[in-house]
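Enquirer: missing the sequence, but the structure's below:
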């Protein structure tokens, strides 16, 4: 949690890991401890790191540090480049992508990361003080990386520096997917190819989006046939 808060003070992208991390924390330590960790460790450390700015001008600091309304330049984007610039910059586009982002997160959260789909609220009650079913290290890694990938897939704008944010996760996610070996090998190459086209084109943008969606589909179908506490990377 300390690492998450420190990373958040540097780059807001780390919030993409947060949904997966909250699932892991809830299953590991229960609801009360998860809330306490978020308030004391994440929130407390954020206040401490930002204290000089909070003392001077708290409103401006919070607004500038966590500005979710800013627009990125169309000319530098790698994903969604195939869309017309007016569509890309339209406020409805960002709302639509946020809608997709949240819905895909909910689908993975309900049907792949937890027992909500089979037990409903009984699963929450059973795990209120921690899940009695232990999580494998593979499950935790894949949950965090998938949470990040979902956010990246539905981000309105990815600039070239974003590739450093997740390039090292792609081979593992591809290998953990349900796709046959040739596709598992091709997906990281497709992502690499799309990011190495400068400036980005309609084709490179489409290739990147398709690769991201195929990774998510492969992870979804892999987890559909494997108990959530027995996921192994093989």
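Expert: All right, it came through fine. Small disclaimer: the values here were computed from a predicted structure and weren't measured. Residues are numbered from 1 along each chain as shown.
Enquirer: so what secondary structure elements neighbour the helix ranked longest in the chain?
Expert: In the chain, assigned by DSSP state H, the helix with the most residues is helix 202-224. The contact analysis (3 or more Cβ pairs under 8 Å, 6 or more residues apart in numbering; DSSP states H and E) places helix 202-224 against helix 91-111, helix 137-153, helix 170-176, helix 181-195. From N, CA and C alone the C-beta is placed, and that goes for glycine too.
Enquirer: quick one: low-confidence ranges for the chain?
Expert: 1, 65, 67-72, 223-234 (pLDDT under 70).
Enquirer: Just want the most central residue of this structure.
Expert: Nearest to the mean C-alpha position of the chain, counting by Cα atoms, centre = their mean, stands residue 148 at 2.1 Å.
Enquirer: and that residue, what does it touch?
Expert: 16, 17, 20, 165, 166, 169 (Cβ atoms under 8 Å, 6 or more residues apart in numbering).
Enquirer: out of those, which is most surrounded?
Expert: Ranked by the number of neighbours (other Cβ atoms under 10 Å), the contacts of residue 148 place residue 20 first, at 25 neighbours.
Enquirer: could you check the distance from that residue over to residue 150?
Expert: Applying Cβ to Cβ, to the nearest Å, the value for residue 20 to residue 150 is 9 Å.
Enquirer: Same check on residue 63?
Expert: Taking Cβ to Cβ, one finds residue 63 at 26 Å from residue 150.
Enquirer: of those two, who's got more company?
Expert: Neighbour tally, residue 63 and residue 150, criterion other Cβ under 10 Å: the higher count belongs to residue 150, 25 against 11.
Enquirer: wait, isn't residue 216 in contact with residue 153?
Expert: Yes: contact criterion Cβ atoms under 8 Å: residue 216 and residue 153 qualify, at 6.4 Å.
Enquirer: Now the common contact residues for the two.
Expert: residue 104.
Enquirer: Any idea how many residues pack against residue 34?
Expert: Per other Cβ under 10 Å, the neighbour tally for residue 34 reads 20.
Enquirer: and it, what does it touch?
Expert: 22, 25, 26.
Enquirer: Residue 179: what secondary structure?
Expert: Classification of residue 179 using DSSP: H, G, I helix; E, B strand; the rest coil returns coil.
Enquirer: ok, now how distant is it from residue 186?
Expert: 9 Å.
Enquirer: Looking at these two now, which is surrounded by more residues?
Expert: Taking other Cβ under 10 Å, residue 179 and residue 186 do not tie; residue 179 has more neighbours (20 against 15).
Enquirer: ok, the closest residue to the more buried one other than its chain neighbours - contacts?
Expert: Computed as Cβ to Cβ, 6 or more residues apart in numbering, the closest residue to residue 179 that is not its neighbour in sequence is residue 218, at 4.5 Å. Applying Cβ under 8 Å, 6+ apart to residue 218 gives the contacts 174, 176, 177, 178, 179, 183, 184, 187.
Enquirer: State the pair within those that is farthest apart.
Expert: Across the contacts of residue 218, no pair lies farther apart than 176 and 183, at 12.9 Å, counting by Cβ to Cβ.
Enquirer: Can you pick out the residue with more neighbours from the two?
Expert: residue 176 (24 against 15).
Enquirer: Now do residue 173: how many residues are near it, please.
Expert: Count around residue 173 with other Cβ under 10 Å applied: 26.
Enquirer: wait, doesn't it sit right on residue 143?
Expert: No: using Cβ under 8 Å, residue 173 makes no contact with residue 143, being 11.3 Å away.
Enquirer: count of neighbours near residue 145?
Expert: Counted with other Cβ under 10 Å, residue 145 comes out at 21.
Enquirer: Do I have it right that residue 159 meets residue 76?
Expert: Yes: using Cβ under 8 Å, residue 159 is in contact with residue 76, at 4.9 Å.
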